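Student: Test case, fold it:
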Amino acid sequence: MTKIVISIQNGLLAEAITQMLSDSGEFQPYRVLVEGKKDCVVNNCEMLSADILLAEVSYTSDTSFETRLKEIRQVRNKLPKCKIVMLCDENSAPDIAHEVTNAKKDGLIDGFFYSSVTAKYLTAALASL
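Tutor: Next up is the predicted model:
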């Protein structure tokens, strides 16, 4: 079973994605709350030997693009085989969506999704990583 660390600040979205992935039978999802906890995401990925990190990118400082890039570098150093996937809202944060797209083009992340994606597609795409 694929271990996936979910770092999404929006509680309803995080809970829905966690439940959906758990119900699929293909994932062991672990939700990480990041607010004000330094290196929480990195430590949880390492402790759980995560296969995938699904990280939301938004305007808040704990989930900003810059913060996420720092976390990604640390996760890559500790778990080079861990797939890194970003999630962002392309409608309310088009500039972030552009940065995330460029991060994929530059090879900094393994994939990205817009929050408007369907549950079935997200599950299937994550399973294919």
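Student: Could you pull up phi and psi at Ser49?
Tutor: Geometry field for Ser49 lists phi and psi as phi 50, psi 60, criterion degrees, to the nearest 10.
Student: Could you pull up the contacting residues of it?
Tutor: By CB atoms under 8 Å, 6 or more residues apart in numbering, the contact set of Ser49 is Lys3, Leu79. C-beta coordinates here come from the backbone N, C-alpha and C atoms, glycine included.
Student: Go ahead and flag the most central residue of this structure.
Tutor: Centroid-nearest residue in the chain: Leu54, 1.7 Å away (criterion: CA atoms, centre = their mean).
Student: Alpha carbons of the helix or strand hosting that one, in CSV - could you do that?
Tutor: Secondary structure from DSSP states H and E places Leu54 in strand 52-56. Provided in CSV are the C-alpha atoms of strand 52-56 (Å, rounded to 0.1, in the frame of the first residue of the first chain):
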residue,chain,number,x,y,z
ILE,A,52,4.2,10.5,-1.9
LEU,A,53,3.9,14.0,-0.4
LEU,A,54,0.7,15.8,-1.5
ALA,A,55,1.2,19.4,-0.5
GLU,A,56,-1.2,22.3,-0.9
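Student: List the contacts of the helix or strand of the chain with the lowest mean pLDDT.
Tutor: Ranking every helix and strand in the chain by mean pLDDT, DSSP states H and E puts helix 119-127 at the bottom, with a mean of 89. In this structure, residues lying in contact with helix 119-127 by CB under 8 Å, 6+ apart are 2, 4, 16-17, 20-21, 24, 26-27, 52, 54, 85, 111, 113, 117.
Student: ok, now stretch 51-58?
Tutor: Residues outside stretch 51-58 that contact it (CB under 8 Å, 6+ apart): 2-10, 13-14, 17, 41, 45, 63-65, 68, 71-72, 75, 81-89, 93, 96, 99-100, 126, 129.
Student: Quick check: mean pLDDT of it?
Tutor: Mean per-residue pLDDT for stretch 51-58: 96.
Student: Okay, buried residues for it please.
Tutor: Buried residues in stretch 51-58, counting neighbours by 16 or more other CB atoms under 10 Å, are found at Asp51, Ile52, Leu53, Leu54, Ala55, Glu56, Val57, Ser58.
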